[in-house]
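Asks: Any chance you could fold what I've pasted below:
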Amino acid sequence: MGRGAQSLARVAVIVRAGAAPLWWPGLLVAAIGALVPGLTGRRIGLLSGAALFLITAAVVALARGRRYAELAGGATRAGRSDFLQDRAVTVRNWRRGRRWWLLGAFLAAVASAFVLPGAGGLVLAGAGAGLWLKAVRIGRREERDDALYWVRTDWVERGRPAGKRVKGYRTTGPMAGDAAPGGARRRR
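Replies: The predicted structure is shown next:
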């Protein structure tokens, strides 16, 4: 990279990277929990899990929404020397950095099935759904603004594209990179 060049990662891709590793294991744990009677019984466990799913999805989807909008509103154009990180690299880095946390959350959700069947898995699935909804909301803003939002990779602490270290976003045209608005794979 040349002088002043920076590595940039897509904001929506970082947000969306955690959706699948929370959604699918969460559904698996919820199914396992449905087979275990637990202390409270299946019906109470699954009903409370459904309520927790909705609450978790809403909280995760709406968390830091004002900060994302503030950073997107003050975004500057990416320079010619900036390096745009590939979608697969961004997702792989996010998931590798959190594999032990994801495994721990999975095991905690399985253990919770013996108390409240299915609830822990539905909380995990709700967090995944909330991240996906947040990425969709970012994608809608990208489509509305006709720009893709990028963040410097050295500013993204622990996978938070709107964390304290992030001072601003960069923008490119809607055809840059290999991810569609919202972080999904670009259809070719």
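
Asks: Flag every buried residue along whichever strand or helix holds residue 129.
Replies: Using DSSP states H and E, residue 129 falls within helix 119-145. Neighbour counts over helix 119-145 (16 or more other Cβ atoms under 10 Å) mark 119-139, 141-142 as buried. Just so you know, the C-beta spots here come from the backbone N, C-alpha and C atoms, and that holds for glycine as well.

Asks: Quick one: distance of it to the chain centre.
Replies: Chain-centre distance of helix 119-145: 7 Å, with Cα atoms, centre = their mean, to the nearest Å.

Asks: Just the C-alpha atoms of whichever helix or strand comes after it, please, in CSV.
Replies: Proceeding N to C from helix 119-145, the next assigned helix or strand is strand 148-152, under DSSP H and E. The C-alpha trace of strand 148-152 is given here as CSV (Å, rounded to 0.1, in the frame of the first residue of the first chain):
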residue,chain,number,x,y,z
LEU,A,148,-21.3,1.9,0.2
TYR,A,149,-19.9,2.5,3.7
TRP,A,150,-16.5,1.4,4.7
VAL,A,151,-14.5,1.6,7.9
ARG,A,152,-10.7,1.4,8.5
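
Asks: list the helices and strands the helix or strand just after strand 148-152 packs on?
Replies: Using DSSP H and E, the helix or strand that follows strand 148-152 in sequence is strand 170-172. Secondary-structure packing of strand 170-172 (3 or more Cβ pairs under 8 Å, 6 or more residues apart in numbering; DSSP states H and E): strand 76-77, strand 148-152.

Asks: which residues touch the first one?
Replies: The list of residues contacting strand 76-77 from outside it, by Cβ atoms under 8 Å, 6 or more residues apart in numbering, reads 168, 169, 170, 171, 172.

Asks: Sheet partners, orientation included, of that strand?
Replies: Taking DSSP bridges as the criterion, strand 76-77 forms sheet pairs with strand 170-172 (parallel).

Asks: The strand it pairs with - what's its average pLDDT?
Replies: Averaging pLDDT along strand 170-172 gives 91.

Asks: Identify all contacting residues around it.
Replies: By Cβ under 8 Å, 6+ apart, strand 170-172 touches 8, 75-79, 82, 84, 145, 147-152.

Asks: Please report how far residue 123 lies from residue 52.
Replies: 5 Å (Cβ to Cβ, to the nearest Å).

Asks: The residue in the chain sticking out farthest from the centre: what's its closest spatial neighbour, skipping adjacent residues?
Replies: Most distant from the centre of the chain: residue 39, at 32.4 Å, with distances by Cα atoms, centre = their mean. Computed as Cβ to Cβ, 6 or more residues apart in numbering, the closest residue to residue 39 that is not its neighbour in sequence is residue 115, at 5.1 Å.
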